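Q: quick one, structure for this:
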Amino acid sequence: MSGTETGDETGPPRVAMLGGTFDPIHLGHLRAAVELGEVLALDRLHLIPSHLPPHREAPGVASSDRLAMVAAGIGDTPGLTADDREMRRDGPSWSLQTLESLRIEYGEQARLIMVLGLDAFRLLPEWHAPAALFDQAHIVVIGRPEHQRPDDPALEALIRGREVSDIPSLMAHAHGRMMYLELPTAMAISATEIRRRLAVGTSVRYLLPAGVERYIRDHQLYGPDSQ
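A: Residues are numbered from 1 along each chain as shown. Predicted structure coming up:
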């Protein structure tokens, strides 16, 4: 992270949210979080497990366990926060409400960023009030190099006039812009594959932080006897 304190004389705080089911959180998620902090000079990055994801089936593992795994994965990593705010709300976990709460917490001048993977970004026009997301935050899209830019008229209409190509242009505004960002060491790790391995008892070593692997074992998650 940037090493600055939020709200100090260096300028408005730079804050990002990285949401997802985190079912379970793995080294790909965590490496991306660290690199986002470095590249964007963030003061804080909130990793927010979705409690009731509106666009997909609810995970089979309770949100409390997924939050605990996020906390175990983060450990003492500076600048990363395991955030339970979606678990404290009733109803679907709309990203707009999450951004609104972060905006209230950090103030109108904060540079607030919602981070999306390319697959989630492709579906953005289907989200709840997608245009209103830009009233609260920037959107930064991270993706694998082999993926191509989406070619969808609804998505193009949504981001028209908002795209910037560099970080200073993004950070010149508190919200309302979007940018594609390729991270230096993106890791193609699949939570689906991790769950499959755990279900059949094969190794997940070096796919998960040791603390997350330990939590899964101690709480008997994902394995053949977990249901």
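Q: so what's R44 bridging to?
A: V15 (DSSP bridges).
Q: hmm, it is touching P78, no?
A: No. Judged on C-beta atoms under 8 Å, R44 makes no contact with P78 at a distance of 9.8 Å. Backbone N, C-alpha and C define where each C-beta goes, glycine included.
Q: overlap of the contact sets of the two?
A: Residues touching both R44 and P78 (C-beta atoms under 8 Å, 6 or more residues apart in numbering) are M1.
Q: please, which helix or strand holds Y180?
A: Here Y180 sits within strand 178-181, counting by DSSP states H and E.
Q: so which elements touch the lowest-mean-pLDDT helix or strand in the chain?
A: Sorting the helices and strands of the chain by mean pLDDT, DSSP states H and E puts helix 118-122 at the bottom, at a mean of 91. Helix 118-122 sits against strand 138-142, with contacts defined as 3 or more C-beta pairs under 8 Å, 6 or more residues apart in numbering; DSSP states H and E.
Q: strand partners (parallel or antiparallel) of the strand it packs on?
A: Partners of strand 138-142 in the sheet, by DSSP bridges, are strand 111-117 (parallel), strand 178-181 (parallel).
Q: contacts for it next, please.
A: The contact list for strand 138-142, computed with C-beta under 8 Å, 6+ apart, reads 16, 32, 36, 40, 111-118, 121, 124, 133, 159, 170, 173, 175-183, 186.
Q: if we go to 7 Å?
A: Under the contact criterion C-beta atoms under 7 Å, 6 or more residues apart in numbering, strand 138-142 has outside partners 32, 112-118, 121, 133, 170, 175-181, 183.
Q: next one: the next helix or strand after that strand to chain centre, how far?
A: Following strand 138-142 in sequence order, the next helix or strand is helix 153-159 (DSSP H and E). Offset of helix 153-159 from its chain centre (C-alpha atoms, centre = their mean, to the nearest Å): 22 Å.
Q: now do stretch 100-109
A: Relative to the chain's own centre, stretch 100-109 is displaced by 17 Å; criterion: C-alpha atoms, centre = their mean.
Q: quick check: buried residues in that stretch?
A: The neighbour-count check on stretch 100-109 (16 or more other C-beta atoms under 10 Å) flags E100, S101, L102, R103, Y106 as buried.
Q: and stretch 73-84, by the same measure?
A: Buried residues in stretch 73-84, counting neighbours by 16+ other C-beta under 10 Å, are found at G73, I74, G79, L80, T81, A82, D83, D84.
Q: my guess is the third one contacts E38, does it?
A: No. Under the contact definition of C-beta atoms under 7 Å, G79 does not touch E38, with a separation of 9.5 Å.
Q: using TSV, please lay out the strands paired with strand 138-142 together with distance to T192.
A: Formatted as TSV, those follow (distance: least, C-beta to C-beta, whole Å):
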stretch	distance to T192
strand 111-117	14
strand 178-181	24
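Q: are we agreed that L36 is in a strand?
A: No. Counting by DSSP: H, G, I helix; E, B strand; the rest coil, L36 is located in no strand; its state is helix.
Q: next, the contact list for it, please.
A: If you count contacts by C-beta under 7 Å, 6+ apart, then L36 has A16, L42, L45, V115 around it.
Q: between all of the residues you listed, which two are separated the most?
A: Spatial extent of the contacts of L36 (C-beta to C-beta) is set by the pair L42 and V115 at 10.0 Å.
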